[in-house]
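Asker: Have a look at this prediction, sequence included:
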Amino acid sequence: MKQEYNQILSDLQKKIYHPIYFLFGDEAHYIDKVVDYIDAHALNESEKAFNQQVLYGKDVDAMQIVESAARLPMMSNYQVVIIKEAQQVKSFSDLASYFARPTPSTILVIAYKHQNPDKRKTIFKDLIASKYSVAMESKAIRDYEVSKWISSYASLEKLKISSKGIEMLAEFLGPDIAKIVNELDKLKLILGEGVEITEADIERNIGASKDYNIFEFTKALGERNTEKTFRILQYFEANPKNLILPVALGTINAFYHKLYLSKFAGNMADRDFGALLKIHPFIAKDYKVYANRYNVQQIEAAFEIIGEYDLKSKGLGNKSASAPELLKEMTYKIYAL
């Protein structure tokens with residue numbers, strides 16, 4: 001049966017356990033939280049020695065998992081078997097017989113991260129619907145949902161952050177929940193409990209010192225800040241693993257699409273314009289400023305350049321250039337408009 005994260009955590013805190021936890025989806029944060037809670041709290045320290053196993057999908061096949069899960073606990077009511085990176089399990093469908101009749105004293109936790117299973121397949125369809133399992137889909141948040149998520153998290157954690165500060169965090173960090181949580185935890189440690197987090201705190205501790213990302217890069221393009229733009233390009237050259245070019249180009253294309261709409265916003269109120277772009281009015285105001293640095297022809301030409309490099313990023317017309325090199329070439333062309 002499908003459950004939301006809050007319900008699962010509430011039941012776990014009440015020590016209500018189920019034979020199978022199937023945790024899947026693009027967003028690792030909630031999957032990790034459930035796994036970590038079960039790992040830490042389902043058994044006490046003396047029980048863990050004989051009754052808790054952590055296995056990795058790339059190292060085991062379905063039969064090894066069944067053998068581990070079928071064991072009975074020793075001097076404990078439960079045993080816990082955690083399968084991390086379960087999407088890499090060989091012959092996952094061979095687990096069907098165990099899923100149909102799981103061992104009641106085993107808590108089998110399946111962490112199927114960074115992707116969604118094919119729910120059309122019988123194995124996944126039955127597992128999600130099973131009376132023995134709790135299934136949680138951890139969905140990635142979209143760019144326009146980041147601010148709302150940060151606001152909710154801040155409220156839950158009793159953090160005081162201004163609306164502008166929340167927008168800055170969203171713009172700096174993007175939709176990476178784990179990174180957002182880590183950065184907010186860092187701010188809480190630096191500033192102390194109950195202290196209001198200001199825009200200056202965010203700029204000083206996150207904006208200036210964090211790893212560069214594609215959101216900062218688009219902001220630099222919008223400002224036509226060549227110094228910052230090429231500083232970020234240097235960062236990507238030194239850290240190529242942090243640049244997934246097709247994804248980055250999608251973000252840059254979306255940025256110029258917002259600029260294009262901004263050219264026709266006229267006297268539209270920031271609130272209304274923000275609703276049109278699906279972003280906060282504070283950020284919508286910035287897009288109007290960025291748009292003043294481009295004319296319509298330049299934006300349309302930028303779309304063509306981005307399209308050209310999207311094809312190159314997929315190997316068409318490009319034999320050897322790396323992702324950072326392609327991004328740098330594209331940037332030169334945009335600045336030359």
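Answerer: It's in.
Asker: could you give the mean pLDDT of stretch 165-176?
Answerer: For stretch 165-176, mean pLDDT is 83.
Asker: From I107, how far out is the closest residue to I20 other than its chain neighbours?
Answerer: Among residues not flanking I20 along the chain, S133 sits closest, at 3.9 Å (C-beta to C-beta, 6 or more residues apart in numbering). Where you see a C-beta, it was placed from the backbone N, CA and C, and this is true even at glycine. Taking C-beta to C-beta, to the nearest Å as the measure, S133 falls 11 Å from I107.
Asker: Of these two, which one has the most company?
Answerer: Neighbours per residue (other C-beta atoms under 10 Å) separate S133 from I107, with I107 holding more: 25 against 21.
Asker: residues in contact with L276?
Answerer: By C-beta atoms under 8 Å, 6 or more residues apart in numbering, the contact set of L276 is L261, A265, M268, A284.
Asker: Please, which helix or strand holds it?
Answerer: Using DSSP states H and E, L276 sits within helix 270-277.
Asker: mean confidence for the helix or strand just after that helix?
Answerer: The helix or strand immediately downstream of helix 270-277 is helix 281-291, counting by DSSP H and E. In this model, helix 281-291 carries a mean pLDDT of 84.
Asker: Show me what counts as buried in helix 281-291.
Answerer: Applying a neighbour-count criterion of 16 or more other C-beta atoms under 10 Å, one finds P281, F282, I283, A284, D286, Y287, Y290, A291 buried in helix 281-291.
Asker: helix/strand/coil for the closest residue to the fifth one other than its chain neighbours?
Answerer: So that's D286. Once flanking residues are discounted, D286 sits nearest to G222: 7.3 Å by C-beta to C-beta, 6+ apart. The three-state label given to G222 by DSSP: H, G, I helix; E, B strand; the rest coil is helix.
Asker: ranges for the helices of the stretch 201-337 of the chain?
Answerer: 214-223, 226-238, 245-262, 270-277, 281-291, 296-313, 323-335 (DSSP state H, counting those that start in this stretch).
Asker: Which one, of these, ends up nearest to N51?
Answerer: Set against N51 and scored by C-beta to C-beta, these come closest in helix 245-262, at 41.7 Å.
Asker: follow-up on the earlier one: joint contacts of S133 and I107?
Answerer: Shared contacts of S133 and I107 (C-beta under 8 Å, 6+ apart): H18, P19, Y21.
Asker: so which of those residues comes closest to A40?
Answerer: Closest to A40, out of all of those and judged by C-beta to C-beta, is Y21, at 14.4 Å.
Asker: re the thing from before, I figured the residue nearest to D286 was touching L259, is that so?
Answerer: Yes. Under the criterion of C-beta atoms under 8 Å, G222 makes contact with L259 at 7.0 Å.
Asker: what's the overlap in contacts for those two?
Answerer: By C-beta under 8 Å, 6+ apart, the residues touching both G222 and L259 are Y287, Y290.
Asker: So L23: helix, strand or coil?
Answerer: Under three-state DSSP, L23 comes out as strand.
Asker: Also I141?
Answerer: Here I141 is recorded as coil under three-state DSSP.
Asker: number of nearby residues for it?
Answerer: Counted with other C-beta under 10 Å, the neighbours of I141 add up to 18.
Asker: Can I get the helix or strand harbouring D185 in PDB? Just the C-alpha atoms.
Answerer: Here D185, judged by DSSP H and E, is contained in helix 177-191. Provided in PDB are the C-alpha atoms of helix 177-191 (Å, rounded to 0.1, in the frame of the first residue of the first chain):
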ATOM      1  CA  ILE A 177      16.600  18.800  -1.300                       C
ATOM      2  CA  ALA A 178      19.600  17.100   0.300                       C
ATOM      3  CA  LYS A 179      21.800  20.100  -0.500                       C
ATOM      4  CA  ILE A 180      19.100  22.600   0.800                       C
ATOM      5  CA  VAL A 181      18.800  20.700   4.100                       C
ATOM      6  CA  ASN A 182      22.600  20.500   4.400                       C
ATOM      7  CA  GLU A 183      23.100  24.200   3.800                       C
ATOM      8  CA  LEU A 184      20.300  25.200   6.200                       C
ATOM      9  CA  ASP A 185      21.800  22.900   8.900                       C
ATOM     10  CA  LYS A 186      25.100  24.600   8.300                       C
ATOM     11  CA  LEU A 187      23.600  28.000   8.700                       C
ATOM     12  CA  LYS A 188      21.900  26.900  11.900                       C
ATOM     13  CA  LEU A 189      25.200  25.700  13.300                       C
ATOM     14  CA  ILE A 190      27.000  28.900  12.300                       C
ATOM     15  CA  LEU A 191      24.400  31.300  13.500                       C
END
